[in-house]
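Asker: Fold the following, please.
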Amino acid sequence: MSRPLEPLADEELVAEREMLEHARRCLAAMRRRTRSLRAAGADPYAVESVEWRLRQRVAALADDGRTGLFFGRLDYDATADPPEARFYVGRRHVSDAEGDPVVIDWRAGLAHPFYRASPARRYGVRVRRRFGYRGGTLTSIQDEVLDLLDEAAALAVADRVLVAEIERPRIGPMRDIVATIQPEQDDLIRAPLAETICIQGGPGTGKTAVGLHRAAFLLYEHRERLARDRVLVIGPGPAYLAFIRDVLPGLGEVDVAQRSVEDLVAEVEVTGSDRPEAAAVKADARMAAVVRRAAFLHVRPPALPLEVRFRHRVIRLPARVLRQRVDELVAGDLRYRVGREHLRDWLVERCLRHLEHTEGLNALDNPAEVQRSLGARPEVRAFLQRTWPVVDPVRLVFRLLTERPFLAEAADGILSDQEQELLGWARRPRSRKAAPWSVTDAFLVDEAVDVVGGTPTFGHVVADEAQDLSAMQLRAIGRRCRFGSATLLGDLAQRTTPWSADRWEDALGHLGRRSTRIEHLPRAFRAPKEVLDFANRLLPEIAPGVRPARSVRSVPGSLRVRAVAAEAVTATWLRALEEALAEDGSVGLVVADPEVGAAGHGLAGRGVEFREVDRFDTGTRLALVPASAVKGLEFDQVVLVEPADIADPALGAAGLRRLYTALTRAVLGLTVIHAKPLPAALGQAPPE
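Answerer: Take a look at the predicted model:
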């Protein structure tokens, strides 16, 4: 038994709207109470820390009037614990003035049956109610009476709700999926914090949403630890970050760092780019060994003894003993700065022991003060600077890229002469600041930062589009969760970089994790079956080992492939845009990168309002998207021009993968316009 998802002006709908207003009033009261709190602490730092937490809490309690505070309700029967209970399920916890729950957080254990209860396993749930909204207005109710439904009927109800949500027109950033989380997604979202998971999913399988919702779930389950260790989300670029920016705040999580791969390394500003062959070498995992050796090339084993003056005594440490200790530290797999500190501490300790054994101290000497005095002696500081000098990570990489003899010594036996030749800049920059640092250079600097002094770590890291990460980038991500865990999200069929691995097993070894679980999301929710089946024709050529995702919905007429004469291409895609803009929702015009200027000129000449995607714009219905920037985005309607140009043969399989990605961005409809023959891997165009 189910109630159709449609507007109903009945008593129950009115009552649920009153409940929604009550929940909003309770949330507003929670926010007022939090704002009224005053920070107190033992010192100014503690006060500032408490004030910051209060500001974060106030921000987390903001009420977005465009969405409902709850999306579901669970009515339990007499067998449940507690019996005959009723809970509203929403994006965050809301309580009344007495502290009793008005809405329970979707991440709470009490809310778990909302996603998993079925007629075969009810968890004590008698009725599951779902709510439909238009804007922030509650417009519809759907009930599933689980003890009266069979499994097939229950699945049919759930699928109708899912399809209704997917096909709801949208403009702007990505929305959360919290009301329609599927069982296979729920398993991954609620995976333990200790597990590092790699999620392989085809276009539209919800892998990005799963990663973000897992971050929100872990923050709920491990609030104290992750508030201290923090969570980091890494995406491929600024357009992607703009697209996902509202998901976690919408779930009440405002204190999550979000960075693009390019901005992950703060030590240098990326202003340049590499030739593909140079980028491939710099991205190779062997560069980690080159960077480490380059750092320790600064260590010079002492040839002379060290003499340290303390009061009227001279302490002499033989050169042989000094060399032995330096060699032990170099071989000890320590960070460079730690090795230097160990050498300093060892020198001071040896000097102190010498004074103690030779009665060089009196009864009034404090050993700790003597150690500080010895460590500050100019002889000790000069010895350290000669033997184990301070190394700056940026300067280290700058030397590798500008000084051929230094690179040759660091890369000997690791890189070939030809590979070393590729690494240098064509012209030596005037300074490190003026250098044309590329993204791959930045990750060499990041490696150097870690070799020299270490990298700040997070409690959990989510990395999307991980199939395009290089070995050096994966190492950088692994460092950032050295004492935490990670969620990697990606699709091997959408690889576009020259360093992409063919198998996840090959890529994941660079993370430095003891074990990483690889999971597969089999169902696609975004692209209609007609569109996805057309794009999946490319899989045998671009990713033969990847299992095609299956779309959960068929939308007849959603795929339109139109062959036209070359002179009619522009007029045809302009007409297709008019048709798309006549419908509700967002529209994407996807063209090959060299054609962006001409397409923009064509739109402007006809007075069509649009925005070229460099950073995702939430206010414009029509986005002009170069094919290289389309990854991770989605639109209700997509008009794609000249697949043959997007699948540039000069890019090889990467060009076909770019086309595969572009073909799978549509939620409701895809129109393909072409004058040139379709790539052979696509075969014949299906009839409209």
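
Asker: which residues are in contact with stretch 511-519?
Answerer: Stretch 511-519 is contacted by residues 188, 195-200, 474-475, 477-479, 482, 486, 488, 504-505, 508 when judged by Cβ atoms under 8 Å, 6 or more residues apart in numbering. C-beta: built from backbone N, CA, C; applies to glycine.

Asker: and if we set it to 7 Å?
Answerer: Contact with stretch 511-519 is made by 188, 195-200, 474-475, 477-478, 486, 504, 508, as judged by Cβ atoms under 7 Å, 6 or more residues apart in numbering.

Asker: These into TSV, with extra columns for neighbour count?
Answerer: TSV is the format used below for the contacts of stretch 511-519 (neighbours: other Cβ atoms under 10 Å):
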residue	neighbour count
L188	24
E195	14
T196	22
I197	19
C198	23
I199	27
Q200	23
L474	25
R475	21
I477	23
G478	21
A486	26
W504	19
L508	22
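
Asker: Following the chain past the helix-or-strand element of the chain with minimal mean pLDDT, name the next helix or strand.
Answerer: Within the chain, no helix or strand scores below helix 151-166, which has a mean of 63 by mean pLDDT, DSSP states H and E. Counting by DSSP states H and E, the next helix or strand C-terminal to helix 151-166 is helix 183-189.

Asker: tell me which residues of that next one are tucked away?
Answerer: Judged by neighbour count (16 or more other Cβ atoms under 10 Å), helix 183-189 contains these buried residues: 184-186, 188-189.

Asker: D491 versus A527, what's the distance?
Answerer: Noted for A527: a distance of 13 Å to D491, by Cβ to Cβ, to the nearest Å.

Asker: Compare those two and say which is more crowded by neighbours.
Answerer: Remark: of A527 and D491, A527 carries more neighbours, 32 against 26, as counted by other Cβ atoms under 10 Å.

Asker: check which helix or strand covers the more buried one.
Answerer: Applying DSSP H and E, one finds A527 in no helix or strand.

Asker: what stretches of the stretch 101-250 of the chain score poorly on pLDDT?
Answerer: Across the stretch 101-250 of the chain, the ranges flagged by pLDDT under 70 are 149-175.

Asker: same thing with the chain?
Answerer: Along the chain, segments meeting pLDDT under 70 span 1-9, 41-42, 45-47, 49, 52, 149-175, 614-619, 687-688.

Asker: longest single helix anywhere in it?
Answerer: helix 11-36 (DSSP state H).

Asker: before we move on, the earlier item: could you pull out the residues contacting both of A527 and D491?
Answerer: By Cβ under 7 Å, 6+ apart, the residues touching both A527 and D491 are P203.

Asker: Just give the number of residues close to A604.
Answerer: Burial measure for A604: 11 neighbouring residues, criterion other Cβ under 10 Å.

Asker: Unless I misread the structure, it falls within a helix.
Answerer: Yes - under DSSP: H, G, I helix; E, B strand; the rest coil, A604 falls within a helix.

Asker: Quick check: it vs E612, distance?
Answerer: 11 Å.

Asker: before we move on, what SS does the spatially closest residue to E379 that is not a sequence neighbour have?
Answerer: Leaving aside its chain neighbours, E379 sits nearest to V308 (4.9 Å; criterion: Cβ to Cβ, 6 or more residues apart in numbering). Classification of V308 by three-state DSSP places it in strand.

Asker: what bridges to V308?
Answerer: Here V308 sits in beta bridges with I315, as judged by DSSP bridges.

Asker: In this structure it contacts C351, no?
Answerer: Yes - contact criterion Cβ atoms under 7 Å: V308 and C351 qualify, at 5.4 Å.

Asker: Strands of the stretch 51-200 of the chain, residue ranges please.
Answerer: 70-76, 86-90, 94-95, 101-105, 125-134, 137-145, 197-201 (DSSP state E, counting those that start in this stretch).

Asker: Direction included, what does the last one pair up with?
Answerer: Just to be clear, that refers to strand 197-201. Looking at strand 197-201 with DSSP bridges, its partner strands are strand 485-490 (parallel), strand 517-521 (parallel).

Asker: Just put the ones you listed in CSV and tack on distance to A215.
Answerer: Shown next, in CSV, are the strands paired with strand 197-201 (distance: least, Cβ to Cβ, whole Å):
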stretch, distance to A215
strand 485-490, 7
strand 517-521, 16
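
Asker: Most tightly packed of these?
Answerer: Using mean count of other Cβ atoms under 10 Å, the stretch among these with the largest mean neighbour count is strand 485-490, at a mean of 26.

Asker: could you dump the helix or strand that that strand is followed by to PDB, C-alpha only?
Answerer: Counting by DSSP H and E, the next helix or strand C-terminal to strand 485-490 is helix 504-508. Output of helix 504-508 as PDB, limited to C-alpha atoms (Å, rounded to 0.1, in the frame of the first residue of the first chain):
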ATOM      1  CA  TRP A 504      43.300   0.400  -9.200                       C
ATOM      2  CA  GLU A 505      45.600  -2.100  -7.700                       C
ATOM      3  CA  ASP A 506      48.500  -0.400  -9.500                       C
ATOM      4  CA  ALA A 507      47.500   3.100  -8.400                       C
ATOM      5  CA  LEU A 508      46.700   2.400  -4.800                       C
END
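
Asker: Which one of the strands paired with strand 197-201 lies nearest to A466?
Answerer: strand 485-490 (4.0 Å; Cβ to Cβ).

Asker: tell me the contacts of the closest residue to T67 other than its chain neighbours?
Answerer: Among residues not flanking T67 along the chain, G136 sits closest, at 6.2 Å (Cβ to Cβ, 6+ apart). For G136, the contacting residues are 65-68, by Cβ under 7 Å, 6+ apart.

Asker: For G136, give its distance to R66.
Answerer: Going from G136 to R66 by Cβ to Cβ gives 5 Å.

Asker: Check P677 too.
Answerer: Distance of P677 to R66, given as Cβ to Cβ: 45 Å.

Asker: L668 looks like it's in a strand, true?
Answerer: Yes - judged by three-state DSSP, L668 forms part of a strand.

Asker: Tally up the residues packed near it, please.
Answerer: So L668, with other Cβ under 10 Å, has 24 neighbours.

Asker: circling back: distance to R381 added to the strands of the stretch 51-200 of the chain, as TSV?
Answerer: Below are the strands of the stretch 51-200 of the chain laid out as TSV (distance: least, Cβ to Cβ, whole Å):
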stretch	distance to R381
strand 70-76	65
strand 86-90	61
strand 94-95	60
strand 101-105	56
strand 125-134	68
strand 137-145	71
strand 197-201	48
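
Asker: The ones you listed: which one's closest to G211?
Answerer: Nearest of those (Cβ to Cβ): strand 197-201, 7.0 Å.

Asker: chain center to the closest one: distance?
Answerer: Relative to the chain's own centre, strand 197-201 is displaced by 13 Å; criterion: Cα atoms, centre = their mean, to the nearest Å.

Asker: So in terms of bridging, what pairs with V625?
Answerer: Listed beta-bridge partners, V625: V590 (assigned using DSSP bridges).

Asker: gap between it and I477?
Answerer: V625 sits 27 Å away from I477, going by Cβ to Cβ.

Asker: next one: A280
Answerer: 19 Å.

Asker: now for the strands paired with strand 197-201, which one comes closest to V58?
Answerer: Of all the strands paired with strand 197-201, strand 485-490 sits nearest to V58, with 28.3 Å by Cβ to Cβ.

Asker: Please enumerate residues in contact with that closest one?
Answerer: 193-200, 207-208, 211, 214, 460-467, 477, 511.

Asker: 8 Å - rerun?
Answerer: 193-201, 207-208, 210-211, 214-215, 459-468, 477-478, 504, 508, 511, 513, 516.

Asker: And stretch 405-412, what's buried?
Answerer: 407, 410-411.

Asker: Report the distance from stretch 626-646 to the chain centre.
Answerer: Put simply, stretch 626-646 sits 22 Å off its chain's centre (Cα atoms, centre = their mean).
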